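A.B. asks: what shape does this take:
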Amino acid sequence: MSEEVRKMLLEARDLRLKQRYADALEKLEAIEKIAPNLADLYALRGDIYLAPRRRDFDMALQQFEKAAQLQPDSPLPKFNLAEFYFVKHEFGTALERFTKLTTDFPKLPMVIRHLVHYKRALCELKLGHRPAAEQIIADNFTFMDDTPAYYFSKAALAFDSGNQASAADWVKRGVAAFKPANCEAYYDAFKELRWVPDLDFAPDAAAPKKP
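C.D. replies: Numbers count the residues shown, from 1 in each chain. From the prediction side, this is the model:
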C-alpha cells in the first residue's frame, strides 16, 4: 500500500466514524481507481453499507465477499461476514461463521478472540440456547481479563432474562473498568439486538477509569 493510498484510507475511515457516509464512499471510489485490489477498501465500504443509518445488506455483502476473496487467509474478512449475518439477525448462520473462526484461527489476538466468543454467546441466547451461551462465557471469560467481554456477557445474560437493572449495572461496571472505546463494539451488539436504544454510546462520565 502506497503512502498516498494509506492516507486516503485513513481519511475515509475518519469520515465513516463521523457518519459522513457519502463523503467516505466518494473517497473509497477514488482509492479504488488507484488500488482496486485493496481488501481494506472493500471491507470499509461494506462497513459503511452495514451502518445503521445506511443499511444496504445487498451492497454490504458484495463488499465483504470481495474483501474475503482478496484476503482468503485473513480472519478479518471472515469476521465481517459473520458480523453481517449477526446484524441481519440470521443467528444460526452467524453462529456457524463465528465458531468456524475460532477453529480456523485458534491463535487470534485476545481482543478479537473475545469479541468472537462474545458474539457466539449472543447468538446462542437469541437461538434460545441459554446453557450453551453460559458455557461459552464460563469457558472463555473472567473478570481478570484485559477486555470487557466478561462484564458485557453478564449484561447479555441479564438482558436475556429481562432484568434490565442488572444488565445496566453490568454495563456500568464494564465501563468503569475499561475505557469507553474498548466497550463500544460490545455495546453496539446490544443495539443490534434492540436491547438498548440505537444511540451513541455515552457511558457514565463519573465512572472511574481502569488504573
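A.B. asks: phi, psi for residue 35 please.
C.D. replies: Backbone torsions of residue 35, given as degrees, to the nearest 10, read phi -130, psi 80.
A.B. asks: ignore what I typed, I meant residue 19.
C.D. replies: Recorded main-chain torsions at residue 19 are phi 60, psi 30, according to degrees, to the nearest 10.
A.B. asks: for residue 78, give its distance to residue 64.
C.D. replies: 9 Å (Cβ to Cβ, to the nearest Å). For every residue, glycine as well, the C-beta is placed using N, CA and C.
A.B. asks: of these two, who's got more company?
C.D. replies: Neighbour count, other Cβ atoms under 10 Å: between residue 78 and residue 64, residue 64 has more, with 25 against 22.
A.B. asks: quick one: which helix or strand includes the residue positioned nearest the centre of the chain?
C.D. replies: Taking Cα atoms, centre = their mean, the centroid of the chain lies closest to residue 185, which sits 4.9 Å from it. Applying DSSP states H and E as the criterion places residue 185 in helix 180-192.
A.B. asks: give me every residue that touches residue 119.
C.D. replies: 82-83, 86, 94, 98, 189 (Cβ atoms under 8 Å, 6 or more residues apart in numbering).
A.B. asks: quick check, nearest of these to residue 173?
C.D. replies: residue 189 (17.0 Å; Cβ to Cβ).
A.B. asks: leaving out the residues flanking it, which one is nearest to that closest one?
C.D. replies: Nearest residue to residue 189, sequence neighbours excluded (Cβ to Cβ, 6 or more residues apart in numbering): residue 122, at 5.9 Å.
A.B. asks: what about that neighbour, how many residues nearby?
C.D. replies: Residues lying near residue 122 (other Cβ under 10 Å) number 28.
A.B. asks: gap between the stretch of helix or strand it belongs to and the chain center?
C.D. replies: Per DSSP H and E, residue 122 falls inside helix 110-126. Helix 110-126 sits 10 Å away from the centroid of its parent chain (Cα atoms, centre = their mean, to the nearest Å).
A.B. asks: with only the CA atoms kept, save it in CSV.
C.D. replies: Written as CSV, here are the backbone C-alpha positions of helix 110-126 (Å, rounded to 0.1, in the frame of the first residue of the first chain):
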residue,chain,number,x,y,z
MET,A,110,-7.4,-11.7,22.6
VAL,A,111,-9.1,-8.5,21.6
ILE,A,112,-10.6,-10.2,18.5
ARG,A,113,-10.9,-13.7,20.1
HIS,A,114,-13.0,-12.4,23.0
LEU,A,115,-15.3,-10.5,20.7
VAL,A,116,-15.8,-13.6,18.5
HIS,A,117,-16.7,-15.7,21.6
TYR,A,118,-19.0,-12.9,22.9
LYS,A,119,-20.9,-12.9,19.6
ARG,A,120,-21.1,-16.7,19.7
ALA,A,121,-22.7,-16.4,23.2
LEU,A,122,-25.2,-13.7,22.0
CYS,A,123,-26.2,-15.9,19.0
GLU,A,124,-26.8,-18.8,21.3
LEU,A,125,-29.0,-16.6,23.5
LYS,A,126,-31.0,-15.4,20.6
